[in-house]
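A.B. asks: Model the structure of this input:
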Amino acid sequence: MVSFLVRRLIVSVLILLAASFIMFVLAANSGDPLQDLRTTNAPNREQLIAQRSEVLRLDLPVPLRWANWLGGATGCLVPGAQLCDLGRTISGSAVLTVLPTAMSSTVVLVTGATVFAVILGVLVGVITALRQNTPFDLGVTLFSFFLYSLPSFLIAVLLKEFIAIRFNDFLVAGGRLSPGMVLGVGAVFGGAVALFSRGTRRRRWALFAIAAAASAATLGGLSLSGWFVDPGLGPVGLGLGVLGTAAVTVLLMDAWRGRLRWVTGGAALAGLLGCLLVQGALERGSWPIIFGVVFGFLGAGILGGFLAGGQERATAARIGGVVLTAAGLLAVVDRFIREWPAYVANPRVSGRPIATVGSETPGLTGDLWTVGMDRFTHLLLPTMALMLISFAAYTRYSRAGMLEVLDQDYIRTARAKGLPERTVIARHALRNTLIPVATIVATDIGSLLGGAVIAEHVFAIPGMGQLFNTSHRLVDLNPIMGYFLVIAIMAITFNILADLAYAALDPRVRVRG
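C.D. replies: Numbering: from 1, shown residues only. As a prediction, this is how the structure comes out:
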């Protein structure tokens, strides 16, 4: 493992050096950084030209300027030595002061979009493969190709219109749904359940009626109670979330047997009680408390599962860790959601919380929950825009991979041995389906970063894309290279992680020397 990582890092550094030189030469020859000063009528024009030439080292040949930049960038690898220097912008600001702000927005956008796209895409793709050629499969296929064909800027504009503007108007009007909307959403949800289910036509119509009535009743109750204005999970929502996590964990680990059944139930009960007990601590709103809650739940789950698991203590420890960690995260999410009314009522927000421009509300101050809610509402739509494009691709890849795996001999052998279908899918088929997906994730990062440039422009987010566009227009070389450095490091990191995931999923692959 260590030798593999060392080899990959050495190769990556060599590729990074060659790519940085090519990028530097291309950017340096893309225009004249003094063009705006050459055409100005300012009386001190020559002095301004001399100052900018000195800041950007324009008196040196391009290869020497690249070597000078590389020396400063190499100093960033020495922690604590304060040798890191990525140069200055045309305006004279240090790139190191401009880059972190732009980098934080882009990294959050790309990482969030990737995680959600992979999880949802694989889940929907696997389900459609198991329901091959059903109306549900055909509907998801049509919807996926529709999303895949849309350009990112059009998705961004549609999200601004139908989610931000319409939802803000809905909140301003009081946050109450009309009876027609409630019945329409119930009918759509019931139709989705009917398409997903199997059985006779009569059984599907019965499921449609039950699902439509239940969803319409739930949505109507939430609307009448004012939940959209003052939301929160509450004990009921926390309990359903913990029980749902426990159920999914049991299905994936095939753990509904013997002592593991009691371990799962005990973990779910302990998680729900823990969620209710930590509410007071979370009110203080600090990162040490949040991390303490999450990791405390994780440690308690692993320890409790290990002690109560008997001969299957390893599986029990994993079950306890997963269920209680999910409970801790749900507690944090619940406290975060309960900040919504105060955030909407803030004078800076003016009752329209879903933002369409920027990465934060100017002049907004508050505790961690308020600032976090502000960041969430500003990055929600651009993250969704990037996620929807990748979601369509992951759905197709995972569906095709699952269909191919289900046709293999070892799947037929597992079924012939009498293993439950959920064990065949979760333990044997799903793991092998994820092998090509792990490789695709690394290559998809590049397209996501390209889409982030467009999304940041549409939503006016001061991220890496906007920094690159502005710097390229002004032929400002140092910010361009800062952008390149961040993007290249992200691409290299995700490629290495993809190789490690590939080796973890496929035991035939080894990463040792």
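A.B. asks: Would you mind confirming that Leu5 is in contact with Ile496?
C.D. replies: Yes: using Cβ atoms under 8 Å, Leu5 is in contact with Ile496, at 7.2 Å. Quick note: C-beta positions are derived from backbone N, CA and C, even for glycine.
A.B. asks: And these two? Which one has more around it.
C.D. replies: Using other Cβ atoms under 10 Å as the criterion, Leu5 and Ile496 rank with Ile496 on top: 17 against 13.
A.B. asks: which residues touch Pro353?
C.D. replies: Shown in contact with Pro353 (Cβ atoms under 8 Å, 6 or more residues apart in numbering): 168, 171, 340, 343-344, 373, 377.
A.B. asks: Tell me how far it lies from Leu380.
C.D. replies: 10 Å (Cβ to Cβ, to the nearest Å).
A.B. asks: try Ala488
C.D. replies: For Ala488 relative to Leu380 (Cβ to Cβ), the value is 28 Å.
A.B. asks: same question, Arg399
C.D. replies: To Leu380, Arg399 is 27 Å away according to Cβ to Cβ.
A.B. asks: Ok, Leu14 next?
C.D. replies: For Leu14, the distance to Leu380 - Cβ to Cβ - is 40 Å.
A.B. asks: what do you get for Asp169?
C.D. replies: From Asp169 to Leu380 the distance is 17 Å (Cβ to Cβ).
A.B. asks: which stretches of the stretch 151-300 of the chain have low pLDDT?
C.D. replies: For the stretch 151-300 of the chain, applying pLDDT under 70 flags the ranges 254-256.
A.B. asks: so where do the helices sit in it?
C.D. replies: Ranges of helices in the stretch 151-300 of the chain, per DSSP state H, counting those that start in this stretch, are 152-159, 166-172, 179-196, 201-224, 234-253, 258-277, 279-282, 287-308.
A.B. asks: follow-up on the earlier one: neighbour count: Leu14 and Leu380, which is higher?
C.D. replies: Leu380 (17 against 10).
A.B. asks: tell me the SS of the closest residue to the more buried one other than its chain neighbours?
C.D. replies: Distances taken as Cβ to Cβ, 6 or more residues apart in numbering place Ile354 nearest to Leu380, at 6.7 Å, with adjacent residues excluded. The three-state label given to Ile354 by DSSP: H, G, I helix; E, B strand; the rest coil is coil.
A.B. asks: give me phi/psi at Ile354?
C.D. replies: Main-chain dihedrals, Ile354, degrees, to the nearest 10: phi -80, psi 110.
A.B. asks: what does Arg88 give?
C.D. replies: Taking degrees, to the nearest 10 as the convention, Arg88 sits at phi -120, psi 160.
A.B. asks: residues contacting it?
C.D. replies: Contacts for Arg88 (Cβ under 8 Å, 6+ apart) come out as 55-56, 94-95, 478.
A.B. asks: Please list only the buried members of the residues you listed.
C.D. replies: 55-56, 95, 478 (16 or more other Cβ atoms under 10 Å).
A.B. asks: Gly241 is in contact with Ala326, isn't it?
C.D. replies: Yes: the criterion here is Cβ under 8 Å, and Gly241 meets it with Ala326 at 7.2 Å.
A.B. asks: who has more neighbours, these two?
C.D. replies: When Gly241 and Ala326 are compared on other Cβ under 10 Å, the one with more neighbours turns out to be Ala326, at 24 against 21.
A.B. asks: Can you tell me the closest non-neighbouring residue to that one?
C.D. replies: Computed as Cβ to Cβ, 6+ apart, the closest residue to Ala326 that is not its neighbour in sequence is Thr245, at 4.0 Å.
A.B. asks: Could you pull up the contacting residues of the one you found?
C.D. replies: By Cβ under 8 Å, 6+ apart, the neighbours of Thr245 are 268, 322-323, 326-327.
A.B. asks: Closest one to Leu505 out of those, please.
C.D. replies: Val322 (18.5 Å; Cβ to Cβ).
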